[in-house]
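Colleague: Sequence plus the predicted model coming up.
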Amino acid sequence: MFRIIHKDSRTRARLGVLSTPHGTIQTPSYVIVATHAEVKCLKPSDIKKTKTQIVICNTYHLWDSALASRGGASRISFVHKRLGANIPIMTDSGGFQVFSLGFGQENRIGKILNPVDNRLAKSIIHRGRNVKITEKGVCFMINGEKRFLGPELSIKIQEKLGADIIFAFDECTSPLDDFDYNKKALERTHRWAKISLKCKVKSEKHAPYGNEVSRSGLNGKHQQLFGIVQGGRYKSLRIKSAKFIGSLPFDGIGIGGSFGKDEMVKTLKWIVPHLPEEKPRHLLGIGKVEDIFNAVEQGIDLFDCVIPTREARHGRIWTAKDHYDIRKRKYANKNSSLETGCKCPACRSGITRARLYKLFKDNGKKKQKAQRYATIHNVWFFNNLLEQIRKSIKNNTFIQFKKRFLNQHNNK
RNA sequence: GGGGGUGUACUCAAGUAGUCAACGAGGGCAGACUGUAAAUCUGCUGGCCAUCGGCCUACGUAGGUGCAAAUCCUACCGCCCCCA
């Protein structure tokens, strides 16, 4: 399933191959976000052109259509069918929505705490009514609609969705939650981890050809389940969680939850030494350039993040040197490519800054085109960056490459 | 020649006596976005100071009425439409 090919001599970085029913992934790898089983703004045929190895979809967003679909009828899994691309897929469990649709939305904060939020922290902490968390799971009350998601149902939905890799149901706490809350939440997440695992084992036993997914989409091959380490910003909790999740028979380890702006490396240093070496490690929801280098250095194999796709839609173009907002006049001056020497399909097809600027100014079809080109560029950029990182690990030059790249890169 | 309309900040466009440095939209500038609530959001956009705030210059041009005018009156200039 996961094979480590090479370990960097000077850091924890490692080169690996993760095998799934829909193909292998060279790690470290970016996982492109496809929440609704589509990479926003991309056609299915664009996905592979952007060097995308694997995407991640979301249980919460595909919930209804998954349960409405009749499993087993088709040989193609639900998510693969909807995505329209034959590549490895992960599904997130819905655990992030416990935070993002609840505390996050109610307090208008993200999971990465910036200093301003920190200052406001005392005044804004409150738990609203959108999300109610109990021992059994989470009750979402969104738009007057009530729905309950727990570990059993999350696994059931994910099996039905038929991704190659699925995640245990967890609670992503907010960066403003204190130790006591995180401790309680962590214990709950750990219980849910065991339940997730148990449900998975059970469903595999019950179906002679594997589970429902095996029959419908994975051709009898194993659907992998990753557990998730939580513990917020607290060292003792993160270590405890790393040991606990690491001790369970998961196929891989996700690292989730909230960090302070500059606490990621510190947090990974707490966690990673306690994880089993041979299992793939996925850092959930992280993905700016500097973060990636740092995480790889700490031994992370997989990342997913909305940055490449969302920011592309909002006009931000990532390059090796920096990032810039193509909707601004000053970047539209030339007929130069989006990034000098870029080999992404958009740049190679002759898209210039001036052209993209103009397309972005439209409010209809042209803007959609612009967003597609920008998405192609950004996704390719991040996937290509990871490819370069892999090469550097292979050559034992990772640390030099990191230094060199970050030195010339202004927008970390 | 006769009749009707119109002229507002970078652009379009509200406003028809005080709450107007002037709604709104576009454009411009600045910022945000890290397991997608978000194809999104925020701020600024006459000048000069400034802590709430203040002062100056501005709604085609020139005068006038009035405590007060982008808003009313007069003349002029420009543009548009209709009829001859």
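Modeller: Happy to help now that I have it.

Colleague: Tell me how many other residues crowd residue A:25.
Modeller: Counted with other C-beta atoms under 10 Å, residues neighbouring residue A:25 total 24. C-betas here are computed from N, CA, C, even on glycine.

Colleague: What are the neighbouring residues in contact with it?
Modeller: A:17-18, A:53-54, A:88, A:302 (C-beta atoms under 8 Å, 6 or more residues apart in numbering).

Colleague: repeat that with 7 Å
Modeller: A:18, A:53-54, A:88 (C-beta atoms under 7 Å, 6 or more residues apart in numbering).

Colleague: could you point out which element follows the strand or helix carrying it?
Modeller: Secondary-structure assignment from DSSP states H and E places residue A:25 in strand A:23-27. Per DSSP H and E, the first helix or strand lying C-terminal to strand A:23-27 is strand A:29-33.

Colleague: Any buried residues in the very next helix or strand once past that next one, and which?
Modeller: Once the chain leaves strand A:29-33, the next helix or strand it forms, by DSSP H and E, is helix A:44-49. Under the neighbour-count criterion of 16 or more other C-beta atoms under 10 Å, helix A:44-49 has A:46-47, A:49 buried.

Colleague: Find the closest residue to RNA strand B in the stretch 201-350 of chain A.
Modeller: residue A:285 (2.1 Å; C-beta to the nearest atom of the strand).

Colleague: My read is that that residue contacts residue A:305, right?
Modeller: Yes: with contact defined as C-beta atoms under 7 Å, residue A:285 reaches residue A:305; the gap is 6.0 Å.

Colleague: which of the residues in the strand holding residue A:25 are buried?
Modeller: So, applying 16+ other C-beta under 10 Å, buried residues of strand A:23-27: A:25, A:27.

Colleague: Give me the mean pLDDT for it.
Modeller: Mean per-residue pLDDT for strand A:23-27: 97.

Colleague: And stretch A:396-412, how far out from the chain middle?
Modeller: Relative to the centre of its chain, stretch A:396-412 is centred 23 Å away, using C-alpha atoms, centre = their mean, to the nearest Å.

Colleague: no, scratch that, I was asking about stretch A:75-85
Modeller: Centroid displacement of stretch A:75-85 relative to its chain, using C-alpha atoms, centre = their mean, is 19 Å.

Colleague: State the number of residues packed around residue A:70.
Modeller: Count around residue A:70 with other C-beta under 10 Å applied: 9.

Colleague: Over to residue A:398?
Modeller: Neighbour tally, residue A:398, other C-beta under 10 Å: 25.

Colleague: pretty sure it contacts residue A:14?
Modeller: No: the pair residue A:398 / residue A:14 is not scored as a contact, 9.8 Å apart, by C-beta under 7 Å.

Colleague: what residues does the stretch 301-412 of chain A put near RNA strand B?
Modeller: Residues of the stretch 301-412 of chain A found near RNA strand B (C-beta under 7 Å from any atom of the strand) are A:304-307, A:309-311, A:313-316, A:325, A:327-330, A:361, A:367-368, A:371.
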